[in-house]
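[1] Fold the following for me, if possible:
(chains A, B, C and D)
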Number of protein chains: 2
Amino acid sequence: MIRVLIADDQHLVRGAIAALLNLEDDLNVVAECADGDEVAAALATHPADVALLDIQMLRLDGLQVAEQLRSTHPEVKVLILTTFDRPGYFRQAFEAGASGFLVKDAPPAELIAAIRKIHAGNKVVDPKRAMLSVESKRNPLTEREREILEHAATGAPVSHIAASVHLSTGTVRNHLSNAIGKTNTANRIEAARRAKQMGWL
Amino acid sequence: MIRVLIADDQHLVRGAIAALLNLEDDLNVVAECADGDEVAAALATHPADVALLDIQMLRLDGLQVAEQLRSTHPEVKVLILTTFDRPGYFRQAFEAGASGFLVKDAPPAELIAAIRKIHAGNKVVDPKRAMLSVESKRNPLTEREREILEHAATGAPVSHIAASVHLSTGTVRNHLSNAIGKTNTANRIEAARRAKQMGWL
DNA sequence: ACCTACGCATGACAGTTGTCATGGCTTCAA
DNA sequence: TTGAAGCCATGACAACTGTCATGCGTAGGT
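    Predicted coordinates:
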């Protein structure tokens, strides 16, 4: 019997996936978490073999949880789930110690198969995605550029960004200009979009 | 036995919800659709009592399908499902003839209860959301403003927008300026975000 | 027929943004 | 120690953006 933990911020999806998995004779959902920061506590009372972690969670995202589990619960295998298939996620997932990576667009049978494979000690890798990942480069943005780009994504003018980061407007514009260059885009908005898409943000 | 159709572009979520519903003795998932434009065909071969429609679908979204079903299959009750709880969606759902509206964040039991209520001829309304909806105004944007704002959301410069809409740059800027005014924001980016949030886009 | 709302367009002005050159400061590795 | 890389800052220029006044045409409603 494979014990499964599910972490996903959408209650309905979480419950539905649990129902799906419990239909399998060899799978048993032992815990459900609405956010990443509940995972550790859940594992303490409900030990699991495989953790299904959604990337998009409010307080602590799936990648961070995976990173955490690697040291605190190395016996728990991690399968990262995500709604959006961004190139950077794939690499980040495995860097964080995950054993598998699956998009929510995949057929249910694939999820079930993936859980079994992972439990058996194998990695679950989509060849197509793996190829893409090789091409996608590592985050070229500096800490500051990331920080400022995040503010820019909200549409805030330079003056606001500068104020909230405690920098001069000139410096902010320099950082933005750098980010625009590195993302190969034409303005801060596209830069922010691209960076997010690449998983750099 | 209540026959249910599910339309959601994420295969895993679709299948999982189906599994969840099939656990109930009085519910039976008779069809699954990956996009809104498959619903009509599915209903032709698999008549259903209740249609679960996700708003976010690529080719034909849940609201459009609801609108369509109102005339072509008035006997099918519609329950709109959505990931994002935007004020405008709620109103739009009922304007499109839906019998219920549920966020994917709701507990699974609530979905099941909602389906039964709807099948019994009742409307499913979350009181909190209904209150919000009263306050939220109807879309004040004109067709053109919407169209241009959508382009602006991608970060494209005015010149690009103008080219792809076949207008002069001056006109585009006027439309944007109007949209910015109507959304009570400071620039096109914030305007686009606000409009999306309000369900105006 | 008249008013209103919408779409389209220009031109002009001020403000914001992207780029560049340049310089000073720190940290880290060769 | 020297150099590279990052961070911060100025100042200046060109380009882009938001606003406003003004005008014309078309459709809808009264």
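
[2] Which helix runs longest in chain A?
    Determined from DSSP state H, the single longest helix within chain A is helix A:169-183.

[3] Give me the distance between the nearest residue to A:Asn139 once chain neighbours are set aside and DNA strand D.
    Nearest non-adjacent residue to A:Asn139, counting by C-beta to C-beta, 6 or more residues apart in numbering or on different chains: A:Trp200, 4.4 Å away. Yep, even glycine has a C-beta here, placed from its N, CA and C like the rest. With distances taken as C-beta to the nearest atom of the strand, to the nearest Å, A:Trp200 is found 13 Å from DNA strand D.

[4] gap between A:Trp200 and B:Val165?
    Per C-beta to C-beta, to the nearest Å, A:Trp200 is found 31 Å from B:Val165.

[5] quick one: which of these two has more around it?
    Neighbours around A:Trp200 and B:Val165, counted as other C-beta atoms under 10 Å in any protein chain shown, are more numerous at A:Trp200. The numbers are 25 against 15.

[6] Let me see the contact set for that one.
    A:Gly88, A:Asn139, A:Pro140, A:Leu141, A:Arg146, A:Thr183 (C-beta atoms under 8 Å, 6 or more residues apart in numbering or on different chains).

[7] which SSE is it in?
    Assigned by DSSP states H and E, A:Trp200 falls within no helix or strand.

[8] What's the separation between it and B:Ala16?
    Note on A:Trp200: its distance to B:Ala16, by C-beta to C-beta, is 31 Å.

[9] helix or strand right after the helix or strand bottoming out on mean pLDDT in chain A?
    One helix or strand of chain A scores below all others by mean pLDDT, DSSP states H and E: helix A:127-135, with a mean of 63. Downstream of helix A:127-135, the next assigned helix or strand under DSSP H and E is helix A:143-153.

[10] mind listing what's buried in the helix or strand just after that next one?
    Per DSSP H and E, the first helix or strand lying C-terminal to helix A:143-153 is helix A:158-165. For helix A:158-165, the neighbour count (16 or more other C-beta atoms under 10 Å in any protein chain shown) marks A:Val158, A:His160, A:Ile161, A:Ala162 as buried.

[11] and of those, the nearest to A:Gln92?
    A:Ile161 (25.7 Å; C-beta to C-beta).

[12] Not counting sequence-adjacent ones, nearest residue to that closest one?
    Nearest-residue entry for A:Ile161: A:His151, 4.4 Å, with adjacent residues in sequence omitted and distances by C-beta to C-beta, 6+ apart.

[13] got a pLDDT number for that neighbour?
    The confidence metric pLDDT takes the value 88 at A:His151.

[14] what's it in contact with, if anything?
    Contact analysis of A:His151 by C-beta under 8 Å, 6+ apart lists A:His160, A:Ile161, A:Ser164, A:Val165.

[15] The last one contacts A:Arg146, doesn't it?
    Just to be clear, that refers to A:Val165. No - between A:Val165 and A:Arg146 no contact is recorded; they are 11.5 Å apart, counting by C-beta atoms under 8 Å.

[16] center of chain A, which residue is that?
    Against the mean C-alpha coordinate of chain A, by C-alpha atoms, centre = their mean, the closest residue is A:Ile55 at 3.3 Å.

[17] Return the distance of that residue relative to A:Glu95.
    Applying C-beta to C-beta to A:Ile55 and A:Glu95 gives a distance of 13 Å.

[18] just the buried residues of helix A:158-165 now: which is nearest chain B?
    Of all these, chain B sits closest to A:His160, with 9.0 Å by C-beta to the nearest C-beta.

[19] From DNA strand C, how far off is the closest one?
    Taking C-beta to the nearest atom of the strand, one finds A:His160 at 8 Å from DNA strand C.

[20] Could you find the closest non-adjacent residue to that residue?
    A:His151 (7.5 Å).

[21] ok, now how distant is that neighbour from A:Leu176?
    From A:His151 across to A:Leu176, the span is 10 Å (C-beta to C-beta).

[22] Would you mind listing what in chain A touches DNA strand C?
    Contact residues (C-beta under 7 Å from any atom of the strand) of chain A with DNA strand C: A:157-159, A:170, A:173-174, A:176-177, A:180-181, A:186-189.

[23] Just to check, A:Gly199 is in contact with A:Arg91?
    Yes - assessed by C-beta under 8 Å, A:Gly199 is found in contact with A:Arg91 at 7.4 Å.

[24] isn't A:Ala195 right up against A:Leu201?
    Yes - here A:Ala195 reaches A:Leu201: they are 4.5 Å apart, a contact under C-beta under 8 Å.

[25] so what sits against both of the two?
    Between them, A:Ala195 and A:Leu201 share these contacting residues under C-beta under 8 Å, 6+ apart: A:Leu141, A:Arg146, A:Leu149.

[26] List only buried entries from those residues.
    Buried by 16+ other C-beta under 10 Å: A:Leu141, A:Leu149, out of the shared contacts of A:Ala195 and A:Leu201.

[27] Tabulate the shared contacts of A:Ala195 and A:Leu201 (CSV), appending distance to A:Glu32.
    As requested, the shared contacts of A:Ala195 and A:Leu201 are arranged in CSV below (distance: C-beta to C-beta, whole Å):
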residue, distance to A:Glu32
A:Leu141, 35
A:Arg146, 32
A:Leu149, 34
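
[28] Run a quick neighbour tally on the residue nearest to A:Arg144 when sequence neighbours are not counted.
    Distance criterion C-beta to C-beta, 6+ apart; nearest residue to A:Arg144, sequence neighbours excluded, is A:His175 at 5.5 Å. When neighbours are counted by other C-beta under 10 Å, A:His175 registers 23.
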